[in-house]
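Chemist: 3D model of this:
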Amino acid sequence: MMEQGLLDKTGKSLEHWIGVLEQTGIDKHKAMMDYLKSEYGFTHGFANFVALKARKADAGSIDATDLLAAQYKGKEALLPIYERLIEVIETLGNDITQTPKKTGVSIIRKKQFALIKPATKTRIDLGLKIKDKPTGERLQGSGPFGTMCTHRVKITDINEVNDELIDWLREAYQRAG
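Modeler: Residues are numbered from 1 along each chain as shown. Predicted coordinates:
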């Protein structure tokens, strides 16, 4: 979306602007932004976007496998739980996008409905978006997820990915359609 907006606004592609920055020899993020703002009248948002892409510092420029490896470094014992969650999520429908980020993986239909995050060395937090669903002992308030999710389930064992949890995932998926 930002890339298309950049093209619409400037008439030039992201690749063009990355080339412009490469020719300057500037390697610091703020200096790149200042250059684009002063020389080309960029807004803060577009300058930041191009600088991140030029430095390959945004999550979108990092390979998904590398992002996952970084998330689970020192937390490898949680990978079977993560893999089981993904296995279940993939059965919900063929319109789901998995987007690894620096600290978790967003699960999106038309909008995000789940977020898988290795919270500690022994626990994955599964964020769910199920508006107006009552909380309970297991299906807790969103906690550190804030407004990204309405609920959080703490998972410390693969056996906790059970029928109850799968039903909550299915409900979140259906509501995101």
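
Chemist: quick one: average pLDDT of the longest strand that the chain contains?
Modeler: The single longest strand within the chain, with elements called by DSSP state E, is strand 112-118. Mean pLDDT, taken over the full extent of strand 112-118, equals 97.

Chemist: isn't residue 44 right up against residue 33?
Modeler: Yes - between residue 44 and residue 33 a contact is recorded at 7.3 Å, counting by Cβ atoms under 8 Å. Heads up, the C-betas are built off the backbone N, CA and C, glycines and all.

Chemist: between these two, point out the one with more neighbours.
Modeler: residue 33 (21 against 10; other Cβ atoms under 10 Å).

Chemist: can you pull the pLDDT of that one?
Modeler: pLDDT, read off for residue 33, is 90.

Chemist: would you quantify the distance from it to residue 23?
Modeler: When Cβ to Cβ, to the nearest Å is the yardstick, residue 33 and residue 23 sit 16 Å from each other.

Chemist: before we move on, what about residue 174?
Modeler: Applying Cβ to Cβ to residue 174 and residue 23 gives a distance of 50 Å.

Chemist: which of the two has more neighbours?
Modeler: A side-by-side neighbour count of residue 174 and residue 23, using other Cβ under 10 Å, places residue 174 first with 13 against 8.

Chemist: please, which helix or strand holds that one?
Modeler: Secondary-structure assignment from DSSP states H and E places residue 174 in helix 163-175.

Chemist: residue 79: neighbour count?
Modeler: Other residues within reach of residue 79 by the criterion other Cβ under 10 Å amount to 15.

Chemist: typed the wrong thing, it's residue 55
Modeler: Under the neighbour criterion other Cβ under 10 Å, residue 55 is assigned a count of 15.

Chemist: correct me if wrong: it contacts residue 32.
Modeler: Yes - in this structure, residue 55 is within contact of residue 32 by Cβ under 8 Å, at 7.4 Å.

Chemist: state the phi and psi torsions of residue 137.
Modeler: Here is the backbone geometry of residue 137 (degrees, to the nearest 10): phi -60, psi -40.

Chemist: run through the chain and note the low-pLDDT ranges.
Modeler: 57-64 (pLDDT under 70).

Chemist: redo that, cut-off 50
Modeler: Low-confidence segments of the chain, defined by pLDDT under 50: none present.

Chemist: who's in contact with residue 95?
Modeler: 109, 177 (Cβ atoms under 8 Å, 6 or more residues apart in numbering).

Chemist: helix/strand/coil for it?
Modeler: When classified by DSSP: H, G, I helix; E, B strand; the rest coil, residue 95 comes out as coil.

Chemist: ok, the helix or strand following the longest strand of the chain: who's next to it in the sheet?
Modeler: Helices and strands here follow DSSP H and E; after strand 112-118, the next one along the chain is strand 124-128. With DSSP bridges as the criterion, the sheet partners recorded for strand 124-128 are strand 112-118 (antiparallel), strand 151-155 (antiparallel).
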